[in-house]
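# Next come a sequence and a model predicted from it.
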Amino acid sequence: MKLNAKYLPLVATVSLFVAMATFGSVSYNGFFSAQVFLNLLIDNAFLVIVAVGMTFVILTGGIDLSVGSVVALSTMVLAELVEHQHWNLGLAIPLVLLMGTGLGAFMGWLIQRFRLQPFIVTLAGMFLARGLCYVISIDSISITDETYTALAQTRVPLWPDAAVSLSAILAVLVLLAAIFMAHATEFGRTVYAIGGSEQSAMLMGLPVARTTVLVYSLSGFCSALGGVVFTFYMLSGYGLHAIGLELDAIAAVVIGGTLLSGGVGYVVGTLFGVLALGLIQTLIMFDGSLSSWWTRIVIGALLLVFCVLQRLFEVRKK
Amino acid sequence: MSKTDITKPASGRDQNTPVLELSGINKQFGAVQALQNVKLRLFAGEIHALMGQNGAGKSTLIKVLTGVYPADSGEIRLRGQPIRPTSTLHAQHLGISTVYQEVNLCTNLSVAENIFAGRYPRHGALQGWSIDWARMQQEAKALLQRLNLDIDVTQPLSSFSVAVQQMVAIARGLSISAQVLILDEPTSSLDDDEVERLFVVLRQLRDQGMAIVFVTHFLGQMYALCDHITVLRNGELVGEYPASELGQGALIAAMIGRELDASLGATPADQAGTAPAADWLTTRGLARAGSVKPMDLSVRPGEVVGIGGLLGSGRTELARLLFGLDRSDAGEITLSGQTVHMDSPSTAIKLGLGLCPEDRKAEGIIAELSVRENIALALQARQGLWPFISRARQTEMAQHYVKALGIKTSDVDTPIGQLSGGNQQKAVLARWLATQPKLLILDEPTRGIDIAAKQEIMNEILTLAKQGMAVLFISSEMSEVVRVADRIVVMRDHAKVGELPAGSSDHAVYALIAEHA
Amino acid sequence: MSTSSEPLFKRLLSHSLFWPLVTLALILVVNASLNQGFWVLQWRDGHLYGSLIDILNRSAPLMLVALGMTLVIATRGIDISVGAVVAISASVAALMIGGTLVINNGVPTHVSRFPMPLAIVCALLVALFCGLWNGLLVAKIGLQPIIATLILMVAGRGIAQLATGGQIVTVYYAPYFYIGNGFLWGLPFALFIAGGTFLAVHLLVTRTALGMFIQAIGINPAAARLAGVRERLITVCVYAFCGLTAGIAGLIISSNVKSADGNNAGNLMELDAILAVTLGGTLLSGGRFNLAGTMVGALIIQTLTSTIYSIGVPPEINLVVKAVVVFVVMLLQSAEFRRTVHGWVVRPAATGGAV
Amino acid sequence: EKKIVLGFSQIGAESEWRTANTNSIKETAAKEGIDLKFSDAQQKQENQIKALRSFIAQKVDVIAFAPVVESGWDTVLKEIKAAKIPVILTDRSVDSKDTSLYVTFMGSDFTEEGRKAGRWLVEKAKTMKGDINVVELQGTVGSGPAIDRKKGFEEIIKAEPRIKIIRSQTGDFTRAKGKEVMEAFLKAEGKKINVLYAHNDDMAIGAIQAIEEAGLKPSKDITIISVDAVKGAFEAMMAGKLDVTVECSPLLGPQLMSAVKDLMAGKTLPRRIVTVEGIFPMEVAAKEFPNRKY
Ligand SMILES: Nc1ncnc2c1ncn2[C@@H]1O[C@H](COP(=O)(O)OP(=O)(O)OP(=O)(O)O)[C@@H](O)[C@H]1O
Ligand SMILES: Nc1ncnc2c1ncn2[C@@H]1O[C@H](COP(=O)(O)OP(=O)(O)OP(=O)(O)O)[C@@H](O)[C@H]1O
Ligand SMILES: [Mg+2]
Ligand SMILES: [Mg+2]
């Protein structure tokens, strides 16, 4: 089969995903049901959204460690506003999104203007956002607002005994928008160019500075949106929410076939990266016999198998 | 030769105001005074050559002019209006399109994108938000065909040789509709056909009234194309001359400040006397799918073997194969009889090979390391971690080559990335000379090097050859190949199509290539 | 405004350690000003005693890990598994030395399981192997460093817990405590380990070509390989070494608390280590690296931590404080930022002129 | 007849206490012949929710779980209810308004543990003169036990004005942090410290080392109170270095399994099943030590 070399990692990810799914379906009963696979999307909606933002950052050759904390902060602020200040959603949610975007923009500006290293700037951002959560409240705030809970529990039936949450749908929409942005807009292509070589991009007369700031803003926005989705998922705000989410997001992006060195990769891949991670967990849960430590070891092992196979797949095809 | 005084109008050209006028430009990098009170005048409908030795300040002037570096002082006028470009983007908006010296493109993007990045054709749909890929690729194809380059524009740029990348960069420069077009050594690794094609296009543009700045070290090309010449030396303006009134000798004198004796230190003829030694390296049916067809080749100590071919004929691939950068999947390499297994460059180096790569930016220089370290690297790598070549020894070595090859640098501890293109090339060459290999493979060794330096380098190489070093010489400049080679292996479509003896003309080479069409 | 002292001053400013040291000084001053007795050093039963000593002692493990990390980062890599490796080596050592508290008719007595040297060697070998594993995944299989090491980061703690059965293994074998609690010539012994390692690495990269090769690999792998540098071999070794340093850190930490906690030992250490490396002035993009800077970076972080504890910052704003400090430090060290500030200060004074 | 299938979602394995909790549940399940589907959430609520959903998909008979945090369970609990699967909460409750979402809650009351510690100190205070300066080693910021044990403790000591908390910092429930923080406290406050209240034994054990290295005598110079009553604490008490530890029993296995059996047998369970927990001062340590299981 003649397929363009640049699609290889993507193809690898997808086919491996299918392989794992088949394995699960044959080995565990109740695994092969539409709902189980839709749950992958429902349970990981927020991760999809966050990882999409992360994808753009990584495509520029940068990294954003703050996403997890920004998600937590968003849930916290949202819960505080809705639950204690009794704001209505129409106001609270845009504010939260604005906050996330602002934080991202700020970090992007620092990185771009003062030539600081993304890793460190966003690490500081991570501390900051997490810290602000506790400043609001160290305890968790659960959300009881009717409209909120109603929305959270709405299920859109696709076919008999298989339904998706609004969040899942939102995630898919975000994904589609991102795909369009990445592959068909000037902004998206500039992102790829910067990832290829920032200096060249500059000498080609591309708006490098603006794009860099925009990319981190976008990631901030996605994190905030992810946070909103997270509150719909958890119906609570909590400073300890989404700990280590940044690693999941990065892993998803990389498994999706994007290079951390930047410039190479696809947004769709990220979706499958997320689903693959979700699938690994689902497999372990269905197995249900693993002790806590074996759970960790097996996650690691599956991750290893996945990445190594993916790698061999590429090498073979090349 | 009459030097026109820039201050008072002389020839008819000077009545109308210049499109672009630079005056009193100064630029300093730390201790280095890269530009000192430089003037440049550019008129519509002329091709203006910017000449000077390596490190004279040509690229810097261009970068200042396009806002990459801010000038320390001086003024730039566009059609009489003072401007202060702050970035390439800004310069483009002002109507100045530039092709910088090193290939500055994104190799991860497709060829078409590299040409249209920042100026994508749009769909009518979605308020012109979305890019019209189909149209972009058509236009890219058309544009490249104008330079008779027929490649798949959807492929990432990384899958093509520097030469092709350079053509793409040029195509991009041409496609930006501008009143001023600047080309910094665009032809350094193109072969004669490509160059001729390019010139045709440039002449068309000139006749349409575009003002073009052209930098090259090939005097022939300069005379064939340019109307006026501005000469720089050590960052200072020597003068501006009509091309017609400045003979080659005079030009060289103006550039290097002295006469140059055009004789090679040693010529193939000299070696004719020496008894033919036994082959050192021989390949039998050496091949790699998609890059080199089965190849028989043999090189004797002290022999300079030239490799003739056109763009994409597989010369670089052959070099990579011999050096163990790519694994061969058929045939064998023997060194003085013993079959060897070239699995990596370090093996090759230990066995006494050296390869001065074609793409100095990607595979040659280690930008943030000093000139000293860059020169010592290969030798040290051959020795392994230990014994460590002491800093003193490194400096001594570096200084030797700085002198021998005339590398222009404030001192041997400057990061090599801060050297001018040509000087970087010399340093990379020095790295390999320092290892004193038995066989030195040179892929476009004189890329971007000025005539004076070329002499020095050729002499250096031929002297080493005299002392028994074998050389595999690859260059797009066929005349250069035929001049130094004892034997010319001619390649086409990644296969060997024949050999020619010393002293055969470059026409003979082209004829042989044409034969196997 | 050219004074005679300027050249020396300029050289000082441009020295790679200048800003890291300034940062460290600032934090120390803040700490000292907020709690008197910070500088106090007493001589107490055979060794120095005081906050400063604590800081030095506590920063030793971080220094070690950060040293390994520096080399990894210099080759354009990153190793986020160090925390897990710390846990593994700690567990192995604790398990092998173990020692259990047996009570025969009310008299508690301690016994060690394997001879201590053996235990230590094994722990370090395991750590070394972990590093080797990372190195092979990166250099031979060609996985991206962050994902390659993520695997061990996830699985590693599992392995550590598997070994300890999820229990905190307490060590009852006094000689072992010396590594993390003992004093030599009045100073913490751990500090000597860190210092020794630093010295060894420093010599290795300056007295052999290793430093040059590592930088070459980090700046331009393709060119380095073409110049004959065995870049894969070196990469593997560098990761292996990083594993080793993490292993040593694991020993110090477990010895310090006289127990090994498979789940918490070295938790989030990777972040602190990377932070230390960058605060020390090494770029994460690889290439030029600064070992001494890394040591200072580790000191900065530890000083900050104990400052937070000792000046009584309420726990819920620990992170905010840490974040603010990191932001400030970053900006301090950014030449670009300093230039800008200088611009703001000078502009009012400056009159027209193309600058 | 087929085995009862119990889906249990554990928080993680963040401490010895947790491990003991897990072991107790696994062992009794095996003993009682109940088919246990165990899932470790690695301290993440989202993982627990995923686990619960997978239990629904696997159509288990009973679901039990130890919530990472009290809030945010309504959605998934409603789904479980819809699937007609009874839910049992262990060692921490949830704050759902709709109490029909779970059958019963068994486990310790962290706030009560805090109170017990407080009461012990207030008693002890009678024997001490002058101001009583307490330093507190909190658990992980924001975690349930940390918040409640602090709350309960403060609630009681309010009664005794001489008792003041002069320092409070998090030690993340770990020995290493506990020791590090205590070191800093000792340097900053020196001899002023009379009492240490640690939210768990591990931090206390770490702190004890710090105190000794500072040349002070734990429990002589500084009275030490902690929570959990793990083996390590008893060893410390026998060595006369820890004054008292409040029990927080992880051994929920037997209770849980009998509850599950009763459920399947159609019996109705009490809304709240309290676990009997003691408080062990130094004096009883030696006697108690042999029959500690964790
Ligand atoms: N970024 C830089 N930092 C420091 N010095 C520089 C920098 N760029 C150029 N220089 C110095 O300025 C001088 C002029 O360099 P420039 O690249 O303009 O020469 P050039 O005329 O383009 O030479 P070539 O023909 O080799 O391209 C050289 O001595 C070079 O060392
Ligand atoms: N003119 C061309 N037309 C199409 N493809 C080309 C052309 N030149 C190079 N390529 C592509 O770039 C690859 C690398 O070219 P290669 O290195 O073999 O060229 P070369 O023989 O080294 O020529 P030169 O060294 O003069 O650039 C070729 O395999 C081919 O796919
Ligand atoms: Mg130049
Ligand atoms: Mg070539």
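Cool, got the structure. Numbers count the residues shown, from 1 in each chain, chains lettered A, B, ... in the order given. Ligands and ions are numbered 1, 2, ... in the order given.
# hey, where'd the helices end up in the chain?
All of this refers to chain A. Taking DSSP state H as the test, the helices found in chain A are A:8-27, A:34-59, A:67-79, A:89-113, A:118-136, A:146-153, A:166-184, A:186-196, A:198-203, A:208-234, A:245-255, A:267-287, A:292-317.
# my question was about chain D
Using DSSP H, helices in chain D cover D:16-32, D:45-58, D:74-82, D:110-126, D:144-157, D:175-189, D:201-213, D:231-238, D:253-264, D:282-288.
# Please list the residues of the stretch 201-350 of chain B that sit near ligand 3.
Within the stretch 201-350 of chain B, no position is adjacent to ligand 3 by C-beta under 5 Å from the ion. Every residue, glycine included, has its C-beta placed from N, CA and C.
# For ligand 2, what is the nearest residue in the stretch 201-350 of chain B?
B:Gly312 (2.6 Å; C-beta to the nearest ligand atom).
# Could you count how many residues lie near that residue?
17 (other C-beta atoms under 10 Å in any protein chain shown).
# ditto for C:Arg113
C:Arg113: 14 neighbours (other C-beta under 10 Å).
# Surely it and C:Val92 touch.
No - assessed by C-beta atoms under 8 Å, C:Arg113 is found out of contact with C:Val92, at 11.8 Å.
# Name all residues that make contact with the residue of the stretch 1-150 of chain D at minimum distance from chain C.
Of all residues in the stretch 1-150 of chain D, D:Thr19 sits closest to chain C, at 3.6 Å by C-beta to the nearest C-beta. The contact partners of D:Thr19, by C-beta atoms under 8 Å, 6 or more residues apart in numbering or on different chains, come to A:Ser292, C:Gly165, C:Gly166, C:Gln167, D:Ala13.
# Ok, D:Leu251 next?
Contacts of D:Leu251 by C-beta under 8 Å, 6+ apart are D:Ala20, D:Asn21, D:Ser24, D:Lys293, D:Tyr294.
# Kindly recompute the last result at 10 Å.
D:Ala20, D:Asn21, D:Asn23, D:Ser24, D:Ile25, D:Glu27, D:Thr28, D:Thr275, D:Lys293, D:Tyr294 (C-beta atoms under 10 Å, 6 or more residues apart in numbering or on different chains).
# what do you get for D:Gln255?
D:Gln255 neighbours (C-beta under 10 Å, 6+ apart): D:Ser24, D:Ile25, D:Thr28, D:Ile88, D:Thr90, D:Thr104, D:Met106, D:Gly107, D:Ser249, D:Ile273, D:Val274, D:Thr275.
# one step back: mind giving me the PyMOL command for buried ones among the contacts of D:Thr19?
Command for PyMOL that selects the buried part of the contacts of D:Thr19, burial taken from 16 or more other C-beta atoms under 10 Å in any protein chain shown:
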select buried, (chain A and resi 292) or (chain C and resi 166+167) or (chain D and resi 13)
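# tell me the two of the contacts of D:Thr19 that are most distant?
Within the contacts of D:Thr19, A:Ser292 and C:Gln167 form the most distant pair, 12.2 Å apart (C-beta to C-beta).
# Kindly state the pLDDT recorded for the residue of the stretch 1-150 of chain D at minimum distance from chain B?
In the stretch 1-150 of chain D, the residue that lies nearest chain B is D:Glu46 (34.8 Å; C-beta to the nearest C-beta). We have a pLDDT of 88 for D:Glu46.
# how close does it get to D:Val76?
10 Å (C-beta to C-beta, to the nearest Å).
# Settle it for me: which of these two has more neighbours?
Legend: neighbour count by other C-beta under 10 Å for D:Glu46 and D:Val76, higher for D:Val76 (27 against 22).
# Look up how far ligand 2 lies from that one.
Remark: distance between D:Val76 and ligand 2 (C-beta to the nearest ligand atom, to the nearest Å) = 57 Å.
# what do you get for C:Tyr178?
With C-beta to the nearest ligand atom as the criterion, C:Tyr178 and ligand 2 are 62 Å apart.
# can you tell me which residues contact that residue?
C:Met116, C:Leu184, C:Phe189, C:Ala190, C:Ser255.
# returning to that earlier point: mind putting the helices of chain D in a markdown table, distance to ligand 4 included?
Formatted as a markdown table, those follow (distance: least, C-beta to the ion, whole Å):
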| stretch | distance to ligand 4 |
| --- | --- |
| helix D:16-32 | 63 |
| helix D:45-58 | 54 |
| helix D:74-82 | 63 |
| helix D:110-126 | 72 |
| helix D:144-157 | 66 |
| helix D:175-189 | 58 |
| helix D:201-213 | 65 |
| helix D:231-238 | 70 |
| helix D:253-264 | 73 |
| helix D:282-288 | 81 |
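# Tell me which of the ones you listed sits nearest to C:Gly218.
helix D:175-189 (33.0 Å).
# Might one say that B:Pro121 is in contact with B:Trp133?
Yes - between B:Pro121 and B:Trp133 a contact is recorded at 8.7 Å, counting by C-beta atoms under 10 Å.
# Look at those two and report which has more neighbours.
A count of neighbours by other C-beta under 10 Å puts B:Trp133 above the other of B:Pro121 and B:Trp133, at 18 against 15.
# Now the more buried one: phi and psi?
phi -60, psi -50 (degrees, to the nearest 10).
# Please enumerate the strands of the stretch 351-500 of chain B.
B:353-356, B:439-443, B:470-474, B:487-492, B:495-501 (DSSP state E, counting those that start in this stretch).
# returning to what we had before: so can I have a markdown table of the helices of chain A showing mean pLDDT and distance to ligand 2?
Output for these, formatted as a markdown table (pLDDT from 0 to 100; distance: least, C-beta to the nearest ligand atom, whole Å):
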| stretch | mean pLDDT | distance to ligand 2 |
| --- | --- | --- |
| helix A:8-27 | 86 | 19 |
| helix A:34-59 | 93 | 26 |
| helix A:67-79 | 95 | 40 |
| helix A:89-113 | 95 | 35 |
| helix A:118-136 | 93 | 34 |
| helix A:146-153 | 86 | 56 |
| helix A:166-184 | 94 | 25 |
| helix A:186-196 | 94 | 18 |
| helix A:198-203 | 92 | 19 |
| helix A:208-234 | 95 | 28 |
| helix A:245-255 | 92 | 30 |
| helix A:267-287 | 90 | 27 |
| helix A:292-317 | 83 | 18 |
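# follow-up on the earlier one: how far away is the residue of the stretch 201-350 of chain B closest to ligand 2 from chain A?
Applying C-beta to the nearest C-beta, to the nearest Å, the value for B:Gly312 to chain A is 19 Å.
# and that residue, that one's in a strand?
No - applying DSSP: H, G, I helix; E, B strand; the rest coil, one finds B:Gly312 to be coil, outside a strand.
# rewinding a little: what's the closest of the helices of chain A to B:Phe29?
helix A:198-203 (16.8 Å).
# and that closest one with ligand 1, contact?
No - between helix A:198-203 and ligand 1, judged by C-beta under 6 Å from any ligand atom, nothing touches; the nearest distance is 11.5 Å.
# That helix and chain B in contact?
Yes - interface with chain B: helix A:198-203 contributes A:Glu198, A:Gln199, A:Ser200, A:Ala201, A:Met202, A:Leu203 (C-beta under 10 Å from any C-beta of the partner chain).
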